[in-house]
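*Asks:* I'd like to go over a predicted model; first the sequence, then the structure.
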Amino acid sequence: MKCPNCGNEMTENTLYCEHCGEDIHIVPDFEPDIDLHLEQFITEISDEVKEKEKSQKPAIIISIVITILILCGGIFGIITFRNNSERYQLKKAEKCVAEADYDKAITYYERALELLPDDISLRFSLAEVYFLKNDKIEYENLLKSIISDEAATQTQLESAYGKLIAIYRARGEYDLIQELLLASENTAVQNTYKDYIANPPEFSLKSGYYTTMQPLKITSPGKGKIYYTTDGSSPTAESNLYSSPIILEDGDYYFKVCFINEYGTSSKVVSGEFHVEIDEIPAPEIGTISGDYHYPTYIEVLEKEAEVYYTTDGSVPTQSSQRYTAPIPMPLGKSVYKFIKVVNGVESNVAECKYNFTLNTDFHPEQAVEAVVRFCMDNGKISDEEGHFGNEGSMYKYNYQYVINVDGAGHFYAISEVLQDIEGVMTKTGNHFAVDVYGGVIYKLQRDGNNNYVLVEIQ
């Protein structure tokens, strides 16, 4: 069969010329029985006409011709009706599918779509035939035409997306799934398959200039990992793995970040640029200056609002060091205190103070502790110098703390009492003693309602 448009040979039973694409308006599947009967009938009529011609009967000849024309018109009408009946085309298509004759089924479905071009369900049916024929390209193209059709219902869209995603998932083409979903404007579909979308990460800070140290957090929803670079290169699964906030100190930072989900799909790369120039925070002001001291003195920090931390071993304090909460009794001998304050999470410069505290006495803290132990033995509170009492194995321990000044009374060594049980656990008893640094006289030490030290004579 030749194409009437371009003259090239055409494949049998096709509705389009594969060379020029011309639509061939013929019936692709003419009924064989009708063809046979028509041919036989015309032959019989022709024979009869010949006989009539011999007998010269014109009226009969005319009648026969009219009969032939009517019959041909009826047959042509049947053919035309079938060619333009979507029900007939669908019936034939379904029969061909049942017989696994997919090429003919495709021909009938395509003709039905010519008659009903807006029928999306027909496109689904045709797509399924291509799927059965293992023609995945046409199958995908038809599904894509459905998702781009504004007339498609939500149910039809979800079905088409689901079938496409099933194909890509079976082939492991997760990047195509993400591309398909990102191109969709259907929120319901995107939510249904959100796990396949690798969303770009987000920075907790806006790009810009900062004057204090900043913790930078990077987040992205879904299961997966975040990778980043700081050298301007694009991040991959081989780049730095983000696991916790990144502390931005003095300097310039340029991050490129991506999120790779559990299917190995990478998000769009996002970048952030930060310049940090930390303004120096002055060291805390210390009220007790460095120097030599010969009387009990408290080391006081003149910072009422800021958090202050200190060390006594010469190391630089941090926010993990001992926190200053109240004036500190200056220890005997030489000592070094270092202080910092913390403002908005940023540590200040260090304040360092050196002290040398001496007393003009030959009576030392060790002797004061011994005097308290002897006093407790004499009064029967403990049975030996180690502090044992009773038969339980527990002991009282007496420890020197610092030198205090009691108004109107002088200077004293403060001694505290703790209870040590048989397992070695120490518990403060709340009892304190004050021993005169010059004479060795022992007092009970208490505080009054104003938190001032009070001496209580021991009877």
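*Replies:* Sure thing, it's come through. Numbers count the residues shown, from 1 in each chain.
*Asks:* rest of the way, CA atoms for contacts and neighbours
*Replies:* OK.
*Asks:* show me how the record splits the protein into domains.
*Replies:* The chain resolves into domains spanning 1-30, 32-194, 202-276, 291-357, 365-457 when parsed by automatic domain parsing.
*Asks:* who's in contact with residue 458?
*Replies:* 442-444 (CA atoms under 8 Å, 6 or more residues apart in numbering).
*Asks:* between those, which is nearest residue 103?
*Replies:* Nearest to residue 103 among those: residue 444, at 110.1 Å, using CA to CA.
*Asks:* for the closest one, give me phi and psi.
*Replies:* Backbone torsions for residue 444, taken as degrees, to the nearest 10, come to phi -80, psi 140.
*Asks:* show me where the chain has helices.
*Replies:* 32-55, 58-83, 86-98, 102-115, 120-132, 136-147, 154-170, 174-183, 187-192, 365-378 (DSSP state H).
*Asks:* and the last one, what does it pack onto?
*Replies:* Read that as helix 365-378. strand 395-406, strand 410-420 (3 or more CA pairs under 8 Å, 6 or more residues apart in numbering; DSSP states H and E).
*Asks:* those: which one's closest to residue 274?
*Replies:* The nearest among those, by CA to CA, is strand 395-406 at 50.0 Å.
*Asks:* contacts for the closest one, please.
*Replies:* 296-297, 329-332, 365-366, 368-369, 372-373, 382, 386-389, 411-421, 453-455.
*Asks:* now, of the residues you listed, which are buried?
*Replies:* 296-297, 330-332, 365, 368-369, 372-373, 382, 387-389, 411-420, 453-455 (16 or more other CA atoms under 10 Å).
*Asks:* residue contacts, the closest residue in space to residue 213 that isn't next to it in sequence?
*Replies:* Distances taken as CA to CA, 6 or more residues apart in numbering put residue 249 closest to residue 213, at 4.9 Å, once the chain neighbours are dropped. Going by CA under 8 Å, 6+ apart, residue 249 touches 212-214, 276-278.
*Asks:* okay if I get these as CSV plus pLDDT and neighbour count?
*Replies:* What follows is the contacts of residue 249, written out as CSV (pLDDT from 0 to 100; neighbours: other CA atoms under 10 Å):
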residue, pLDDT, neighbour count
212, 81, 20
213, 82, 19
214, 91, 20
276, 93, 18
277, 89, 16
278, 81, 15
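*Asks:* take these and keep only those in strands.
*Replies:* Residues of those located in strands (DSSP state E): 214, 276.
*Asks:* which of the contacts of residue 249 sits closest to residue 140?
*Replies:* Closest to residue 140, out of all of these and judged by CA to CA, is residue 214, at 49.7 Å.
*Asks:* any weak-confidence spans in this protein?
*Replies:* Low-confidence segments of the chain, defined by pLDDT under 70: 1-84, 459.
*Asks:* wait, doesn't residue 438 sit right on residue 363?
*Replies:* Yes. Taking CA atoms under 8 Å as the definition, residue 438 is a contact partner of residue 363 at 6.1 Å.
*Asks:* re the thing from before, state the pair within the contacts of residue 249 that is farthest apart.
*Replies:* Counting by CA to CA, the most remote pair of the contacts of residue 249 is 214 and 277, 10.6 Å apart.
*Asks:* if we can go back for a sec, which among the contacts of residue 249 gets closest to residue 172?
*Replies:* residue 214 (40.9 Å).
*Asks:* contacting residues for the closest one?
*Replies:* 247-249.
*Asks:* ok, now residue 298?
*Replies:* 288, 327-330.
*Asks:* partner residues bridging it?
*Replies:* Per DSSP bridges, the residues bridged to residue 298 are residue 329.
*Asks:* residue 409 versus that one, what's the distance?
*Replies:* Here the criterion is CA to CA, to the nearest Å. By it, residue 298 lies 18 Å from residue 409.
*Asks:* likewise for residue 319?
*Replies:* On the measure of CA to CA, residue 319 and residue 409 end up 39 Å apart.
*Asks:* now residue 304
*Replies:* On the measure of CA to CA, residue 304 and residue 409 end up 31 Å apart.
*Asks:* got it, and residue 449?
*Replies:* 19 Å.
*Asks:* the two: who's more crowded?
*Replies:* The residue with more neighbours, out of residue 449 and residue 409, is residue 409; 10 against 6, by other CA atoms under 10 Å.
*Asks:* distance of that one relative to residue 180?
*Replies:* Residue 409 is 88 Å from residue 180, by CA to CA.
*Asks:* over to residue 335?
*Replies:* 71 Å.
*Asks:* just residue 89 next, same as before
*Replies:* From residue 89 to residue 180 the distance is 33 Å (CA to CA).
*Asks:* tell me which of these two has more neighbours.
*Replies:* More neighbours surround residue 89 than the other of residue 89 and residue 180, with 22 against 16 (other CA under 10 Å).
*Asks:* nearest spatial neighbour of the more buried one, chain-adjacent residues omitted?
*Replies:* residue 108 (5.2 Å).
*Asks:* check contacts around the one you found.
*Replies:* Contacts of residue 108 by CA under 8 Å, 6+ apart are 89-90, 92-93.
*Asks:* same deal with residue 363?
*Replies:* Here residue 363 is in contact with 437-440 (CA under 8 Å, 6+ apart).
*Asks:* state the distance from it to residue 183.
*Replies:* 88 Å.
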